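K.L.:
3D, please:
(chains A and B)
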Amino acid sequence: MSDFDKREKGIESEHLASRSENFAEWYNQLVLRAELADYAPVRGCMVVRPYGWALWENIRNALDRRFKATGHVNAAFPLLIPKSFMEREKEHVEGFSPELAVVTIGGGEELEEPLVIRPTSETIIGHMYAKWIKSYRDLPVLINQWNNVVRWELRTKLFIRTMEFYWQEGHTAHATEEEAEAETLQMLDIYADFAENEAAIPVVKGRKTEKEKFAGAVRTYTIEGMMGDKRSLQSATSHSLGQNFARAFKIQYLDRNNILQYCWTTSWGLSTRFIGGIIMVHGDEKGLILPPKLAPYQVVIVPIFRDDAEQAKVMKAVEQIKDLLGEFRVHVDDREGIRPGFKFNDWEMRGVPIRIEIGPRDVANGAITLARRDQPGRDGKQSVPQNAVVPVVSKLLEDIHKAIYKKALEFRKANTHQPKDYDDFRQIIKSGWADAWWCGDAECELQIKEETKATCRCIPLDQPGGEGVCIHCGRPAKERAIFARTY
RNA sequence: CGGGGUGUAGCGCAGAUGGAAGCGCACCGCGUUUGGGACGCGGGGGUCGGCGGUUCAAGUCCGCCCACCCCGACCA
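P.N.:
Got it, this is the predicted structure:
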């Protein structure tokens, strides 16, 4: 292996692969080295390690709070679903059949009816809703579940697309179409609010095309984010299911006039894929940059000392500072036998927003040295008096959130272009997003994909108005759409 | 499923023509170090992917199988 290859792969080197030169390799190494996840023995499956799971727990809490505040409750539906359930909704079965894992043997006996491991739970929840819902007085039903699902993916990537992944799936049933649509859009807003205000990831809210929508949905809405390599990531989706599943599973209620009606249902989900988004939006050459509100550790303290006497003094100050910062998630790196310089690099790689260094010099000055992750190296360091540490940390976490959000938004703006013609479009799509008038025709979309590898990521809800001509076929177009290469 | 590639220590790899299984990193111990990725000395660790064959002798040669990776196809 050449020296170049070694550098490229980050082998025998304390340095990560280069983000700017080899984004995909940088991503893989970072997930493994930051101990977010590891490969499982089964191809395409991952083990989420404690640091990654802590991040997921914070994501979960931030979302769950929002779900509860809007009247949703949590429940748990089973992992195994009768195979026949998957076959009741025509588009659903066509969409999911190729990626189902099926259990055919149980207790050593061939099963009379095979069971599928849920790829999503519309069917089993539809079945239960049919049992539970009788009257308009039972509506709406607003249930969410935090669980795992399995889809037999052929090409996988840690967090971004794994065969098994963790997510939440909300499933609601309503009396009217308007109410269901309002719910779908409300949840889309919640995802966007979460992405921007918790994860510091700017997103575009939009509608999916017929080709890209969820199998069985009437309409799919999405939030799309631009990753550091300018590709697009579908970061969460919210579906208006119309009466498709209600008809397939007989989810019916008697209305005020004693007339039997089908419900209108929705479903919406956000998965561990979002962690991949956080990595790819904020990370830099030195590693992760975790958004302060979701970071497992918001502050890491690195003690510095040479001998026992210094250690005693320094550790006393460390404990005091840790106590002062009780309202934050603080970790003291007391690993022995590792020098401070190594720890600095290690925690920068792992994306902790704020690092506090406390050594003999700081103790003597009644101060601490504070470094912000979004400004790596010595540039982001400042000395802070011990009695000012709480307000400074509090403000800095907020500042870092704003700074990384702004950086991500500016990056997206700088790499989103409005093509003047199709040649221009083809150039843009190679490295960025194209925002263009589009006719909405499925055949037109397919041709664009074949010619450029780009797909329609969404038709943004926020439209400029007016009309133009389709960037590809030249026919009249009423809406603008985002086209990009995607994960 | 098509095309290509790789299986040797936890990870990354070397082992021409068959002849005592090695290197770097990681790990353990001791010592010196510690404010931006430390060093010395000592040590532990192997079904050489599996099965079969050729041979006095196989990591190395032959056959079959298995697994994984990359590129396509596919990916609500």
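
K.L.:
which residue is nearest the middle of chain A?
P.N.:
A:Phe274 (1.2 Å; C-alpha atoms, centre = their mean).

K.L.:
who touches that one in this structure?
P.N.:
A:Ile59, A:Ala195, A:Ala199, A:Ser235, A:Ala236 (C-beta atoms under 8 Å, 6 or more residues apart in numbering). No exception for glycine: its C-beta is placed from N, CA and C like everyone else's.

K.L.:
I'd like the next helix or strand past the longest helix seen in chain A.
P.N.:
Longest helix in chain A, counting residues (DSSP state H): helix A:389-414. Using DSSP states H and E, the next helix or strand after helix A:389-414 towards the C-terminus is strand A:416-417.

K.L.:
Work out the gap between that next one and the centre of the chain.
P.N.:
Relative to the chain's own centre, strand A:416-417 is displaced by 23 Å; criterion: C-alpha atoms, centre = their mean, to the nearest Å.

K.L.:
What is it packed up against?
P.N.:
Contacts defined by 3 or more C-beta pairs under 8 Å, 6 or more residues apart in numbering; DSSP states H and E place strand A:416-417 against strand A:433-438.

K.L.:
distance between the strand it packs on and the chain's centre?
P.N.:
24 Å.

K.L.:
Which residues does it contact?
P.N.:
A:226, A:230, A:232, A:412, A:415-419, A:425, A:428, A:444-445, A:454, A:456-457, A:459, A:467-472, A:477, A:479-484.

K.L.:
6 Å instead?
P.N.:
Outside strand A:433-438, the residues within contact range by C-beta atoms under 6 Å, 6 or more residues apart in numbering are A:416, A:418-419, A:425, A:428, A:468, A:470-471, A:477, A:480-484.

K.L.:
again with stretch A:74-85
P.N.:
Contact partners of stretch A:74-85, identified using C-beta under 6 Å, 6+ apart, comprise A:Glu113, A:Pro114, A:Leu115, A:Val116, A:Arg118, A:Ser121, A:Thr123, A:Ile124, A:Ile125, A:Ile143, A:Asn144, A:Gln145.

K.L.:
Stretch A:178-195 now?
P.N.:
The contact list for stretch A:178-195 (C-beta under 6 Å, 6+ apart) reads A:62-63, A:66, A:172, A:174, A:201, A:203, A:205, A:221, A:223, A:236, A:238, A:240, A:264, A:266, A:268.

K.L.:
can you tell if that stretch touches RNA strand B?
P.N.:
No - counting by C-beta under 7 Å from any atom of the strand, RNA strand B has no neighbours in stretch A:178-195; the shortest distance is 13.5 Å.

K.L.:
A:Pro353 - nearest residue in space that isn't next to it in sequence?
P.N.:
A:Pro292 (4.5 Å; C-beta to C-beta, 6 or more residues apart in numbering).

K.L.:
roughly how far apart are that neighbour and RNA strand B?
P.N.:
Counting by C-beta to the nearest atom of the strand, to the nearest Å, the gap from A:Pro292 to RNA strand B is 18 Å.

K.L.:
And for A:Asn58?
P.N.:
With C-beta to the nearest atom of the strand as the criterion, A:Asn58 and RNA strand B are 22 Å apart.

K.L.:
Give me the mean pLDDT for the strand or helix carrying that residue.
P.N.:
Element membership for A:Asn58 (DSSP H and E) is helix A:50-69. When pLDDT is averaged over helix A:50-69, the result is 97.

K.L.:
contacts for that helix?
P.N.:
A:Glu35, A:Leu36, A:Ala37, A:Asn144, A:Ile190, A:Phe194, A:Glu198, A:Leu294, A:Pro296.

K.L.:
among those, which ones are buried?
P.N.:
Neighbour-count burial (16 or more other C-beta atoms under 10 Å) applied to these gives A:Leu36, A:Ala37, A:Asn144, A:Ile190, A:Phe194, A:Glu198, A:Leu294, A:Pro296.

K.L.:
The second one reaches A:Asn28, doesn't it?
P.N.:
No - contact criterion C-beta atoms under 6 Å: A:Ala37 and A:Asn28 do not qualify, at 10.3 Å.

K.L.:
Since that was my last question, I'll sign off now.
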